[in-house]
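S.K.: quick check, what structure comes out for this input:
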Amino acid sequence: MTRKAAVLTDDLERTKNKLEDKQNTINQLEENNQSLNNKCEKLLEDKDTEVVRLTSLNSQIKESNELTVEEHAKLKNQVEEKHNEILRLTILIEEMKAQNLSSIEQQELVRKLLEEKQNEIVQLRANIDEIQTTTADQSEQLKQTIEILKESQIIDQQLIEQANKE
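M.R.: Sure thing, here's the model as predicted:
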């Protein structure tokens, strides 16, 4: 019976050691899990902050783009007005020729006005070109912002899936 008791005591001791090892493993896994959860929470907070920042940037770009479009429309109207003025002045020149008005001073005045209006149109067209370039740049920034948001979402999903697997 003593030998049986010794064997049972050894078995009990081995079982206790195994249980202790299992409990240590469980404790280690719980610590690892908590650490991973903390990292995921921090990553999620960082990504939320990034989304807020990118959303704000996106709104600013949209607002700027809207203002640029409005300015473009105004300049386009001004070009149209100047073009109409040039047509009116051209008609005036033709009428003066038809009436055989040879007043050099009047013709010179009309020519100067015509040149001024043409110069204004050139300037307005340059402004329109600049606005179109700005609009294209802002559209590219908006596309990049959207791409960053998409990539961020994919990374977040992968990290969440990885954390869930672990």
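S.K.: which pLDDT value goes with Arg111?
M.R.: In this model, Arg111 is scored at 89, pLDDT.
S.K.: count of neighbours near it?
M.R.: 12 (other C-beta atoms under 10 Å). For glycine as for every other residue, the C-beta is placed from the backbone atoms N, C-alpha and C.
S.K.: what helices and strands are in contact with the lowest-mean-pLDDT helix or strand in the chain?
M.R.: The helix or strand of the chain with the lowest confidence, counting by mean pLDDT, DSSP states H and E, is helix 104-165 at a mean of 84. Under the contact definition 3 or more C-beta pairs under 8 Å, 6 or more residues apart in numbering; DSSP states H and E, helix 104-165 sits against helix 2-98.
S.K.: list the contacts for Lys42?
M.R.: Not one residue lies near Lys42 by C-beta atoms under 8 Å, 6 or more residues apart in numbering.
S.K.: how about the residue most central in space within the chain, nearest residue that isn't a chain neighbour?
M.R.: In the chain, the C-alpha nearest the mean C-alpha coordinate belongs to Thr145, at 2.9 Å (C-alpha atoms, centre = their mean). Leaving aside its chain neighbours, Thr145 sits nearest to Asn58 (5.1 Å; criterion: C-beta to C-beta, 6 or more residues apart in numbering).
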